[in-house]
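K.L.:
One predicted model, sequence on top.
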Amino acid sequence: MNTSKNVLKRIAERLDLGNRGIEVLRDKDTLLAAIPDDFRCNLESNIAQNGMFEGDARREVMDMIAFSASEKIGLSREELTLYLCLFNATMCDPSLPNEEVEAVVASFDSTPQQSEPDTGESYEKKIERIRAVAYCTPGEIKLQSRTGHDVTRTYPEIGRLMDQVGGRSMVLDGEVVAFDDGGVPRFERIQQRLGLTTEADVRTAMRRVPVSYLIFDLLHLDGHDTTGLTYLQRRELLLGLELRGKSWGVPEHQVGHGEDLLAAARERHLEGVMAKRTDSRYEAGSRSGAWLKIKIRPGQELVIGGWQEGQGRRQGLPGSLLVGYYDGDTFRYAGRVGTGFTQRMLEHLQKLMKPLAQSDSPFAPTRGLPRKDVHFVRPQLVAEFEFAEWTRDDVLRAPSFKGLREDKDPRDVVREIVT
């Protein structure tokens, strides 16, 4: 029996609703007729006075239900949130949280845990993507990057998700991806959708490189904060929403057997896997040890701290980028990257770096930092890079530029571990 049914069964038993308990608890009118007199009278009185379907008044009703349920039924806060999310399916609260939700950040690990099914970690394939949080209300959707930018107009095909949301409200955490011809997400492809400013350019790019929104977490549902629920409870509620469409969906996950999924990810040349503690809460805005990124390919995000002038066709443009990562408050040099750029990207990078110019090096003192023809910049631009390995001197060997990361905060960029 799944978590939601367990909660409903427990409430039904406490209210002595008999064999039809779970069905009763899914229907508002039947519930009002079935619960104890004092509980029902208080609820009906509050509904008659305040109405059930309007913002603050409706929240008062829910608060009253919460108090009565906790007092008379003995529900935990976690069970109560689950029940109210289910109960709200017939009387939806279109409100969203007053403040924007900061996405949780994964930590890094080198090997998956060998947990048995139904315990330990839940595993998902890690893909090359742009992180985004979706705020959905009836008739409206806002897609926001991790850096706080509104990217709704950048990905108009995802906006059709609001048609499936219907009269409900929710906050979703997910990833915007672009697939290659073999169905594998590729970061290079999604780069073609970034930095577009006109609707005509966006529409043209949408036809050439369509994207999808892969949803992996539910942070708010029908007026209720779900971040305090466990990962598996949030996942169950998310799957119950049945969000499936041409440009969005909920990717599969599995509990336990992380090595098997890691092997499958290697076969498909994916980036790695994500391991999430099944009992973990959503730690908004923090780097959580409950979410672990297990990487296969050597590659990661790095922050641009400077550039060297190019020669020949690159005369007057960056010939290479100087990149680094954060180690606490220290910005460490990771090497020089001179390949993987198109002419258009070099011109775009130069335009972005010009207003960030500074005279002093942003890197911590190190012996390998170039000094000739170097222009330093404030470390604000994040990009994705592939490379062969980290050398003994702690710099990249054979690095190559893959694309800019508009969804990453520079302070979140740390050195990653590869399996």
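P.N.:
In hand now; what should we look at?
K.L.:
Neighbours of E199, how many?
P.N.:
By other Cβ atoms under 10 Å, 10 other residues sit near E199. Every C-beta, even on glycine, is put in place using the N, C-alpha and C of the backbone.
K.L.:
And the closest residue to it other than its chain neighbours, how far from V382?
P.N.:
Excluding its sequence neighbours, the residue lying closest to E199 (Cβ to Cβ, 6 or more residues apart in numbering) is R153, at 7.4 Å. Separation of R153 from V382 (Cβ to Cβ, to the nearest Å) stands at 22 Å.
K.L.:
Please say which of the two ends up with more neighbours.
P.N.:
Taking other Cβ under 10 Å, R153 and V382 do not tie; V382 has more neighbours (21 against 12).
K.L.:
How about the contacts made by the more buried one?
P.N.:
E301, L302, V303, I304, L404, R405, E406, K408, D409, P410, V413 (Cβ atoms under 8 Å, 6 or more residues apart in numbering).
K.L.:
State the pLDDT value of it.
P.N.:
Note on V382: pLDDT of 95.
K.L.:
Same check on V176?
P.N.:
Listed pLDDT for V176 reads 92.
K.L.:
Next, it: phi, psi?
P.N.:
phi -90, psi 120 (degrees, to the nearest 10).
K.L.:
Verify the stated contact: it with P156.
P.N.:
No: the criterion here is Cβ atoms under 8 Å, and V176 misses it with P156 at 11.9 Å.
K.L.:
For the two, work out which one has more neighbours and name it.
P.N.:
Of the pair V176 and P156, V176 is the one with more neighbours under other Cβ under 10 Å, namely 25 against 15.
K.L.:
neighbours around the closest residue in space to that one that isn't next to it in sequence, how many?
P.N.:
Leaving aside its chain neighbours, V176 sits nearest to I130 (4.3 Å; criterion: Cβ to Cβ, 6+ apart). Neighbour count for I130, taken as other Cβ under 10 Å: 27.
K.L.:
tell me the contacts of I130?
P.N.:
Here I130 is in contact with S145, V151, E175, V176, V177, I190, L194, R405, E406, D407 (Cβ under 8 Å, 6+ apart).
K.L.:
do that again at 10 Å, thanks
P.N.:
I130 makes contacts with 143, 145-146, 151, 154-155, 174-178, 187, 190-191, 193-194, 211, 213, 403, 405-408, as judged by Cβ atoms under 10 Å, 6 or more residues apart in numbering.
K.L.:
In helices, which of those fall?
P.N.:
F187, I190 (DSSP state H).
K.L.:
Which among the contacts of I130 count as buried?
P.N.:
143, 145-146, 151, 154-155, 174-178, 187, 190-191, 193-194, 211, 213, 403, 405-408 (16 or more other Cβ atoms under 10 Å).
K.L.:
And the helices in the stretch 51-200 of the chain?
P.N.:
55-68, 77-87, 161-165, 187-190, 199-208 (DSSP state H, counting those that start in this stretch).
K.L.:
And the contacts of the last one?
P.N.:
Contact partners of helix 199-208, identified using Cβ under 10 Å, 6+ apart, comprise 153-157, 189, 192-196, 198, 211, 247.
K.L.:
at 6 Å what do you get?
P.N.:
Here helix 199-208 makes contact (Cβ atoms under 6 Å, 6 or more residues apart in numbering) with Q192, R193, L196.
K.L.:
repeat for the shortest one
P.N.:
Contacts made with helix 187-190 from outside it, assessed by Cβ under 6 Å, 6+ apart, are listed as E128, I130, A178, V209, E384, K402, G403.
K.L.:
can I see the domain layout of this protein?
P.N.:
Following automatic domain parsing, one finds the domains of the chain at 3-90, 105-295, 299-412.
K.L.:
Could you dump the contacts of helix 187-190 into CSV with distance to G324 added?
P.N.:
Listed next are the contacts of helix 187-190 as CSV, based on distance: Cβ to Cβ, whole Å:
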residue, distance to G324
E128, 21
I130, 22
A178, 28
V209, 30
E384, 14
K402, 17
G403, 18
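K.L.:
May I have the phi/psi pair for the spatially closest residue to L404 that is not a sequence neighbour?
P.N.:
Sequence neighbours aside, A383 is the residue nearest to L404 in space, at 5.1 Å (criterion: Cβ to Cβ, 6+ apart). Main-chain torsions, A383, degrees, to the nearest 10: phi -140, psi 160.
K.L.:
Report the two of the contacts of helix 187-190 separated the most.
P.N.:
Greatest spacing in those, by Cβ to Cβ: V209 and E384 (16.4 Å).
K.L.:
Which one's more surrounded, the two?
P.N.:
For V209 versus E384, neighbours defined as other Cβ under 10 Å are more numerous around E384 (20 against 16).
K.L.:
Can you name the residues bridging to the more buried one?
P.N.:
Beta-bridge partners for E384, by DSSP bridges, are E301, G403.
K.L.:
which residues in the stretch 201-350 of the chain form strands?
P.N.:
In the stretch 201-350 of the chain, the segments counted as strands under DSSP state E, counting those that start in this stretch are 212-221, 224-225, 248-249, 254-255, 272-277, 287-295, 299-309, 318-327, 330-337.
K.L.:
neighbours around A388, how many?
P.N.:
Neighbours around A388, by other Cβ under 10 Å: 11.
K.L.:
Over to G324?
P.N.:
Neighbour tally, G324, other Cβ under 10 Å: 26.
K.L.:
surely it meets R336?
P.N.:
No: taking Cβ atoms under 6 Å as the definition, G324 is not a contact partner of R336, at 10.7 Å.
K.L.:
measure stretch 178-193 end to end?
P.N.:
9 Å (Cα to Cα, to the nearest Å).
K.L.:
How about S359: what's its closest non-neighbour residue?
P.N.:
Once flanking residues are discounted, S359 sits nearest to F376: 6.9 Å by Cβ to Cβ, 6+ apart.
K.L.:
The one you found belongs to a strand?
P.N.:
Yes: counting by DSSP: H, G, I helix; E, B strand; the rest coil, F376 is located in a strand.
K.L.:
quick one: contacts for it?
P.N.:
G306, Q358, S361.
K.L.:
what are the C-alpha coordinates of stretch 264-276, in CSV please?
P.N.:
Taking C-alpha atoms only, stretch 264-276 is exported to CSV below (Å, rounded to 0.1, in the frame of the first residue of the first chain):
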residue,chain,number,x,y,z
ALA,A,264,22.8,1.8,-17.8
ALA,A,265,23.8,5.5,-17.8
ARG,A,266,27.3,4.5,-18.9
GLU,A,267,25.9,2.5,-21.8
ARG,A,268,23.9,5.5,-23.0
HIS,A,269,26.8,7.9,-22.5
LEU,A,270,24.9,10.0,-20.0
GLU,A,271,26.4,12.4,-17.4
GLY,A,272,25.8,10.1,-14.4
VAL,A,273,23.1,9.5,-11.8
MET,A,274,21.5,11.3,-9.0
ALA,A,275,21.1,9.6,-5.6
LYS,A,276,18.4,11.0,-3.2
